[in-house]
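[1] structure for the following, please:
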Amino acid sequence: MEVVNSIWLFFQDQILGMKWLNGLIGHGLSLLGLDINSRLGGSIQFFLYDVIKITILLCLLIFFISYIQSYFPPERSKKILGRFHGIGANIISALLGTVTPFCSCSSIPLFIGFTSAGLPLGVTFSFLISSPMVDLGSLVLLMSIFGAKVALAYVIVGLIIAVIGGTLIEKLHMEEYVEDFVKNASNVDISSPALTKKDRVQYAKEQVIETIKKVAVYIVVGVGIGAFIHNFIPEHIIESVLGGNKFYSVPLATIVGVPMYADIFGTIPVAESLLIKGAGLGTVLAFMMAVTTLSLPSIIMLSKVVKRKLMVVFISIVTIGIIFVGYVFNIFSFIF
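    Next comes the predicted model:
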């Protein structure tokens with residue numbers, strides 16, 4: 001058992017976490033005469049390490065996920081979801097969201113396609129919630145920073161929120177609150193051409209390039225903010241505001257996360273620094289979920305396809321779910 005634990009720790013620290021890269025960057029900066037123990041030196045080391053690490057992992061993950069995704073074009077996803085009913089359909093929909101490396105804004109066109117295809121509204125909302133919040137890429141990146149327990153717990157609770165949220169919306173029978181143009185949108189199934197292995201590899205390469213172009217700025221900004229928090233903001237300040245024992249920390253983190261617009265890859269470095277500085281685990285996870293699922297730009301886009309009452313219900317369900325999860329993780333953080 002000790003051998004297995006040792007192998008896993010090596011994989012988590014050196015393969016996923018790339019701790020060797022951090023040491024290499026620190027050594028290089030020291031050779032250049034920079035004191036990595038100073039605030040400036042530490043910030044530069046943190047910034048270079050996280051940007052390089054996240055970019056490398058992201059390229060590998062998006063390639064792998066996109067290759068898998070090539071087997072699940074929208075038309076096939078519709079057909080798969082159409083075979084299931086009840087909560088089973090919500091579960092499958094939420095799971096399909098994990099293999100779509102999209103932000104919430106990019107998920108909305110698929111939401112329109114699924115709804116116009118006649119899929120139950122709750123099923124499409126389960127997809128809409130899980131797609132930006134949890135995917136295979138975020139699982140691996142979270143493992144590289146927070147460890148396997150936290151990463152798996154984050155993905156599981158994200159899927160639970162998606163399933164429960166979609167199920168509640170389904171039970172409320174809110175189909176009339178979807179804009180008419182969505183329900184009346186033409187739904188023409190175009191058969192996807194059969195792809196060869198070479199085609200799938202090419203598709204995956206193109207997705208890597210497109211995704212990096214989209215998220216590069218968020219990674220750089222997110223890591224920059226994380227580096228600043230890590231090296232310039234005193235620990236006692238973070239603890240006094242976002243510590244796990246502060247009852248208001250989870251709602252505050254959720255509210256702060258909503259106006260921001262970033263995907264999970266740009267949010268993780270900020271969350272990492274907040275956690276290191278003493279923020280509660282549940283508080284940090286609530287912040288991440290709010291940024292990725294309830295960002296203001298995505299809410300504005302969603303408001304164009306659903307009416308106000310459904311929008312309020314969606315935001316309320318997801319917000320309550322996020323806050324509940326945040327409190328639970330803060331209470332049981334000792335497990336992790």
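
[2] so how far is Val215 from Gly147?
    Applying Cβ to Cβ, to the nearest Å, the value for Gly147 to Val215 is 23 Å. Every residue, glycine included, has its C-beta placed from N, CA and C.

[3] who has more neighbours, the two?
    Set side by side, Gly147 and Val215 give different neighbour counts by other Cβ atoms under 10 Å, the larger being at Val215 (22 against 17).

[4] the more buried one: which element?
    Assigned by DSSP states H and E, Val215 belongs to helix 197-232.

[5] pLDDT weak spots in the protein?
    Residues of the chain that meet the criterion pLDDT under 70 lie in 1, 72-77, 100-107, 183-193, 259-264.

[6] for the helix holding Val215, name the packing helices and strands.
    If you count contacts as 3 or more Cβ pairs under 8 Å, 6 or more residues apart in numbering; DSSP states H and E, helix 197-232 packs onto helix 39-69, helix 264-276.

[7] list the buried residues in the helix or strand that it is followed by.
    Next along the chain after helix 197-232, taking DSSP H and E as the criterion, comes helix 235-242. Neighbour counts using 16 or more other Cβ atoms under 10 Å place Ile238, Glu239, Val241, Leu242 of helix 235-242 among the buried residues.

[8] tell me how far the next helix or strand after helix 235-242 lies from the chain's centre.
    Past helix 235-242, heading to the C-terminal end, the next element that is a helix or strand (DSSP H and E) is helix 249-257. On the basis of Cα atoms, centre = their mean, to the nearest Å, helix 249-257 sits 17 Å off its chain's mean C-alpha point.

[9] mind listing what's buried along helix 249-257?
    Applying a neighbour-count criterion of 16+ other Cβ under 10 Å, the buried positions in helix 249-257 are Ser249, Val250, Pro251, Leu252, Ala253, Thr254, Ile255, Gly257.

[10] outside of it, which residues touch it?
    Residues outside helix 249-257 that contact it (Cβ atoms under 8 Å, 6 or more residues apart in numbering) are 241-243, 279-280, 282-284, 286-291, 294-295, 319, 322-323, 326-327, 330.

[11] which residues touch stretch 43-57?
    For stretch 43-57, the external contacting residues (Cβ under 8 Å, 6+ apart) are 16-18, 21-22, 25-26, 29, 34, 36, 140-141, 144, 212, 216, 219-220, 223-224, 226-228, 230-232, 265, 268-269, 272-273.

[12] tell me the angle the helix holding Val215 makes with helix 264-276.
    Interaxial angle of helix 197-232 relative to helix 264-276 (axes from the mean of the first three to the mean of the last three Cα atoms, to 10 degrees): 30 degrees.

[13] what are the ranges of the helices in the stretch 1-150 of the chain?
    Remark: helices assigned in the stretch 1-150 of the chain by DSSP state H, counting those that start in this stretch are 2-10, 19-31, 39-69, 74-82, 87-97, 104-116, 121-133, 136-146, 148-171.

[14] only alpha carbons, please: show the last one as PDB.
    Provided in PDB are the C-alpha atoms of helix 148-171 (Å, rounded to 0.1, in the frame of the first residue of the first chain):
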ATOM      1  CA  ALA A 148      -7.400  14.200  -5.800                       C
ATOM      2  CA  LYS A 149      -9.800  14.400  -2.900                       C
ATOM      3  CA  VAL A 150     -10.700  18.000  -3.400                       C
ATOM      4  CA  ALA A 151     -10.800  17.600  -7.200                       C
ATOM      5  CA  LEU A 152     -13.100  14.600  -7.100                       C
ATOM      6  CA  ALA A 153     -15.400  16.200  -4.500                       C
ATOM      7  CA  TYR A 154     -15.600  19.400  -6.600                       C
ATOM      8  CA  VAL A 155     -16.700  17.500  -9.700                       C
ATOM      9  CA  ILE A 156     -19.100  15.300  -7.800                       C
ATOM     10  CA  VAL A 157     -20.900  18.200  -6.100                       C
ATOM     11  CA  GLY A 158     -20.900  20.100  -9.400                       C
ATOM     12  CA  LEU A 159     -22.700  17.200 -11.100                       C
ATOM     13  CA  ILE A 160     -25.100  16.900  -8.100                       C
ATOM     14  CA  ILE A 161     -26.000  20.600  -8.400                       C
ATOM     15  CA  ALA A 162     -26.600  20.100 -12.200                       C
ATOM     16  CA  VAL A 163     -28.800  17.100 -11.700                       C
ATOM     17  CA  ILE A 164     -30.800  18.600  -8.900                       C
ATOM     18  CA  GLY A 165     -31.100  22.000 -10.600                       C
ATOM     19  CA  GLY A 166     -32.300  20.500 -13.800                       C
ATOM     20  CA  THR A 167     -34.700  18.200 -12.000                       C
ATOM     21  CA  LEU A 168     -36.300  21.000 -10.000                       C
ATOM     22  CA  ILE A 169     -36.700  23.100 -13.200                       C
ATOM     23  CA  GLU A 170     -38.400  20.200 -14.900                       C
ATOM     24  CA  LYS A 171     -40.800  19.700 -11.900                       C
END
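
[15] perfect, I'm done here.
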